[in-house]
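In: Generate coordinates for the sequence data below:
(2 chains)
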Amino acid sequence: MEPIPYPDSYLRSILERTRVIAMVGASTNIRRPSYFAFKYLRERGYRVIPVNPPAAGTDLLGETVMADLESIDVPVDMVDVFRRSEEALAITESAIRIGAKTVWMQLGIRNDDAAARAKAAGLDVVMNRCPKIEYGRLYGELGWGGINSGLFSNRRRPLRSRTKLT
Amino acid sequence: MSDSDTPREFGFETRAVHAGAAPDPHTGARTTPIFQSVGFVFDDVDHAQSLFNLQDFGFIYGRITNPTVSVLEERVANLEGGRGAVACASGHAAQQLALYPLMESGDEIVASRYLYGGSITQFTHTFRRFGWQVTFVDPADEAAVRAAITDRTKCLFVESLANPGGIIVDVERMADIAHEHGIPLVVDNTLATPWLHRPFDYGADIVVHSLTKFMGGHGNSLGGVIVESGKFDWFASGRFPSMTEPTPSYHGLRFAETFGDFGYTMKVRADALRDLGPALSPQNAFYILTGIETLPIRMERHVANAQAVAEHLEQHPAVAWVSYAGLPSSPYAELAAKYFPKGPGAVFTFGVRGGYDAGVQLVENVQIFSHLANIGDTRSLIIHPASTTHNQLTDEQKIAAGAGPDVVRLSVGLETASDLIHDLDQALGNG
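Out: Numbers count the residues shown, from 1 in each chain, chains lettered A, B, ... in the order given. Okay, here's the model as predicted:
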C-alpha cells in the first residue's frame, strides 16, 4: 500500500492535543503489533482504552477491555483502528457518535469512504500509519533504530521522557 | 531550519551535512558525540523488557545499537533515499547481514559476475558453507539472468559500478527481472556512492556499501551499511517466511507486519547483527560521518581527476586499453549517461603493454600513487589485482572479473591531476 503523505505539523498537532485513545482491535496477546502500540502509547502519557469484543471485561495492563466504543464512559480524543480496512467505516461511524476528534487507521489500513465520512463530520483522519511509529519519528526516537525520520534540526530537541506507570 | 514541517526537500549537500544529526539534547554539542559506551541503562525492568521485545525505541547494548552509529545509519538511509539502514563493521559484513534475513540453507543467489574479487570469494566459498548456492551471470545477458533464477533464488545481487573498473550494470533492467520473480534486487553501491547514483531511484530494494571507501573517504575507518528502500512487498512475494511468519527468537513476532516498511531493517538488526555480531565501533562511525559531510565536493574532484587521468592514459603508448565508463570509447558510455550523469566514479582499470611483469613494474615505480589494497581514499591508490585482490580467483575468474594479468587498477584521489599524470608517466616510461 502506497504511503499517504501527511504534513508533520498535522500529525504532530493530533499527537499533541490527544489525551485519550480508544484502540479498536487492541490485542491481549503480547506478540501482536496492537499490543506493542498499546504499551508504547501508554508509556508516552496517553490513556489508551482497549476495545475488543471477544476480550471484553478482561484486564489489559490495568485497563478494562471494552466491548465497543459506545461503552466507554470518558471522552475519547482519538480512535485508533487496528481492524481490517472494510471494518473501518462502521468504526468511524461509532467514533463520530462518541465525539472523537480523530480517526487513525493503522499501517496497511485504508478506507476512503470512512475517511470522507469522518472529514465531513469534522474529524481529522490519518490512514496507513502507526501512531507509535509516528510519535517515535516526530520526537526523535525512530532514528535510534537507523530509520530515516526526515527530521532536520539546528536546535536541541528535548527528549520526551518515558512515563512510568503504576 | 528548526524542526521541519516544511514540505521543502533539502538538497543532497544539505542532507550530507545534517541528515540524522541534531544538537545533543543534553549539552548542545553540535558535532555528533562519540558515545563510547557499551551499555545503556534501563529505567526499570519493564522498560528493559519493552526494549528487548522491540516494543519500544531505545538503546540496549552496543552490538545492536549505539547513538553515534545510529546517526550514521539515518544519514546513509536519507542520502540513498531509503527507509532505514543498519551499519556494521565492514562492507563484507554488510553483504553477509544483508543476505542473512533472506536466505535459508539450500537457497540460492544469482549474482553478477562483475563483483569485487573479495566478494566473489566470499560468495563462492564462505557463503557456500552456509548452504547458500551462488550462480554468477553476466548481468548484460538478460536471458542468462532469467535462466539462472529458480524457485530457491532469494535475490539478485549486483554492483552498480563494478570493481575493479569501468563496468556499469543496468540496475533498472535488473530490478524488473528480480521483481518479475518476486525477489529483491540487492545493489552494492560502494564505488558509486549516492552522490553519483541512487539505485532506489531505479527500483532496487536493498543497497549495501563498504563505507570504508568513498563514503568515509579518508582511508582511516572500516565500516559497512545495509539500506532498505521500504518498497519491497514481502507478503506479496510469498518467498520470505523469515519476514512474514512468526520469528521464534522474538516470541513469534512477524517483522513485515509489525514494522511495516522498515521490517527488513529491523530484521537485519535484531536477527543478523545481533546474532552474527559484526558491530561498527562508534569511533569509526564518527570518522565516517565526518567524511560523509564532504562527500559531494570530494566526489566531484575524484571524478574530475579520474576523467583527466583516464583520458591521458588512453593516449599513452605504454597503455594498451583503458576501461573507464567516462571515455567515449567505453562500451558502457550509454549506461554511464543514464545512470552516472555526474561521472562514473574514480576507480578504473587499464592494461599495460608487457602484461604481468609490466604491471608489477608500474606499481613498484610510482611515487605519489600508493601501492595498497584499498580504494576511495583522498590519496591516489594503485594495485595490480592479478597478484593481490583477485589472486585467489582462478585465471578464468580473473579475466571474467576484469582482473587479467596485464590489468592495473587505479583509485584516483584528490591530488593535483597533473601531478598524478606526471607520476604515471614517469613510472610507465615511454612504453
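In: Pass me the low-pLDDT residue ranges in chain B, would you?
Out: B:1-7, B:430-431 (pLDDT under 70).
In: What is the longest helix of it by residue count?
Out: The residue-count maximum for a helix in chain B (DSSP state H) belongs to helix B:295-314.
In: Quick check: the gap between the spatially closest residue to A:A88 that is not a sequence neighbour and A:I49.
Out: Of all residues not flanking A:A88 in the chain, A:N111 sits nearest, at 3.7 Å (CB to CB, 6 or more residues apart in numbering or on different chains). Yep, even glycine has a C-beta here, placed from its N, CA and C like the rest. For A:N111, the distance to A:I49 under the criterion CB to CB, to the nearest Å works out to 22 Å.
In: For chain B, what is the nearest residue in chain A?
Out: For chain A, the nearest residue to chain B under the criterion CB to the nearest CB is A:G146, separated by 3.1 Å.
In: and A:R156, how many neighbours?
Out: If you count neighbours by other CB atoms under 10 Å in any protein chain shown, A:R156 ends up with 14.
In: Surely it and B:A22 touch.
Out: Yes: in this structure, A:R156 sits in contact with B:A22. The criterion is CB atoms under 8 Å, and the distance is 7.4 Å.
In: tell me the phi and psi of the residue nearest to A:A88?
Out: Backbone torsions for A:N111, taken as degrees, to the nearest 10, come to phi -140, psi 100.
In: re the thing from before, so how far is the longest helix of chain B from its chain's centroid?
Out: Mean-position distance between helix B:295-314 and its chain equals 20 Å (CA atoms, centre = their mean, to the nearest Å).
In: Specify the next element, helix or strand, located C-terminal of that helix.
Out: Toward the C-terminus, helix B:295-314 is succeeded by strand B:319-323 as the next helix or strand (DSSP states H and E).
In: then that next one to PDB, C-alphas only?
Out: Backbone C-alpha positions of strand B:319-323 (Å, rounded to 0.1, in the frame of the first residue of the first chain) are rendered in PDB as follows:
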ATOM      1  CA  VAL B 319      48.900   1.600 -22.300                       C
ATOM      2  CA  ALA B 320      47.000  -1.000 -24.400                       C
ATOM      3  CA  TRP B 321      43.500  -0.100 -23.200                       C
ATOM      4  CA  VAL B 322      41.600   1.900 -20.600                       C
ATOM      5  CA  SER B 323      38.300   0.700 -19.100                       C
END
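In: From the contact counts, what lies against whatever helix or strand comes next after that strand?
Out: As assigned by DSSP H and E, the chain's next helix or strand after strand B:319-323 is helix B:333-339. Under the contact criterion of 3 or more CB pairs under 8 Å, 6 or more residues apart in numbering or on different chains; DSSP states H and E, the helices and strands touching helix B:333-339 comprise strand B:167-168.
In: what packs against the helix or strand just after the strand it packs on?
Out: Moving toward the C-terminus from strand B:167-168, the first helix or strand encountered (DSSP H and E) is helix B:171-180. With contacts defined as 3+ CB pairs under 8 Å, 6+ apart, the secondary structure elements packing on helix B:171-180 are helix B:142-148, strand B:153-159, strand B:185-188.
In: what comes up buried for helix B:171-180?
Out: Neighbour-count burial for helix B:171-180, with 16 or more other CB atoms under 10 Å in any protein chain shown as criterion, is recorded at B:V171, B:E172, B:R173, B:M174, B:A175, B:I177, B:A178, B:H179.
In: which ones are touching the second one?
Out: Neighbour list for B:E172: B:Y202, B:G203 [criterion: CB atoms under 8 Å, 6 or more residues apart in numbering or on different chains].
In: how much space between it and B:G277?
Out: According to CB to CB, B:E172 and B:G277 sit 35 Å apart.
In: if we can go back for a sec, out of the helices and strands packed on helix B:171-180, deepest packed?
Out: Each of the helices and strands packed on helix B:171-180 was given a mean neighbour count from mean count of other CB atoms under 10 Å in any protein chain shown, and the largest, a mean of 28, is that of strand B:185-188.
In: hmm, who's touching that strand?
Out: For strand B:185-188, the surrounding residues in contact (CB under 8 Å, 6+ apart) are B:91, B:95, B:98-99, B:115-116, B:119, B:155-160, B:171, B:174-175, B:178-179, B:199, B:203-210.
In: and that strand, how far out from the chain's middle?
Out: Here strand B:185-188 shows a centroid-to-chain-centroid distance of 9 Å under the convention CA atoms, centre = their mean.
In: in which helix or strand would I find the residue most central in space within chain B?
Out: To find the centre residue of chain B, average its C-alpha atoms and take the closest one (CA atoms, centre = their mean): that gives B:H209, at 2.0 Å. Assigned by DSSP H and E, B:H209 falls within strand B:206-210.
In: What's the end-to-end length of stretch B:210-228?
Out: When the termini of stretch B:210-228 are compared using CA to CA, to the nearest Å, they are 15 Å apart.
In: mind listing what's buried in that stretch?
Out: Judged by neighbour count using 16+ other CB under 10 Å, the buried positions of stretch B:210-228 are B:210-219, B:221-228.
In: Stretch B:62-81 too?
Out: Of all the residues in stretch B:62-81, those buried under the rule 16+ other CB under 10 Å are B:62, B:64-81.
In: Kindly report the same for stretch B:128-140.
Out: By 16+ other CB under 10 Å, the buried positions in stretch B:128-140 come out as B:W132, B:Q133, B:V134, B:T135, B:F136, B:V137, B:P139, B:A140.
In: want to try TSV for those, with secondary structure and distance to chain A as columns?
Out: Formatted as TSV, those follow (DSSP: H, G, I helix; E, B strand; the rest coil; distance: CB to the nearest CB, whole Å):
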residue	secondary structure	distance to chain A
B:W132	coil	25
B:Q133	strand	30
B:V134	strand	28
B:T135	strand	31
B:F136	strand	31
B:V137	strand	32
B:P139	coil	28
B:A140	coil	32
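In: which one of the residues you listed is nearest A:Y10?
Out: Relative to A:Y10, the closest of the buried residues of stretch B:128-140 is B:P139; by CB to CB it sits at 43.7 Å.
In: wait, that closest one sits on B:A175?
Out: No: B:P139 is beyond contact range of B:A175, at 11.6 Å (criterion: CB under 8 Å).
In: Around chain A, which positions in the stretch 251-400 of chain B sit nearby?
Out: Applying CB under 8 Å from any CB of the partner chain, one finds that the stretch 251-400 of chain B approaches chain A through B:H251, B:G252, B:L253, B:E257, B:T258, B:F259, B:G260, B:D261, B:F262, B:T265, B:M266, B:R269.
In: who touches the first one in this structure?
Out: Taking CB under 8 Å, 6+ apart as the criterion, B:H251 is in contact with A:I30, A:R31, B:N53.
In: was I right about the last one contacting A:I30?
Out: Right, B:N53. Yes: A contact is recorded between B:N53 and A:I30 when judged using CB under 8 Å, the distance being 7.5 Å.
In: Regarding B:I109, which helix or strand does it belong to?
Out: Secondary-structure assignment from DSSP H and E places B:I109 in strand B:108-112.
In: For that strand, list the C-alpha coordinates in CSV.
Out: The C-alpha trace of strand B:108-112 is given here as CSV (Å, rounded to 0.1, in the frame of the first residue of the first chain):
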residue,chain,number,x,y,z
GLU,B,108,20.3,-19.6,-4.0
ILE,B,109,21.7,-16.2,-5.0
VAL,B,110,22.0,-15.0,-8.6
ALA,B,111,25.0,-12.6,-8.7
SER,B,112,26.7,-10.5,-11.3
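In: And for B:A162, the neighbour number?
Out: Each residue near B:A162 was counted by other CB under 10 Å, and the total is 25.
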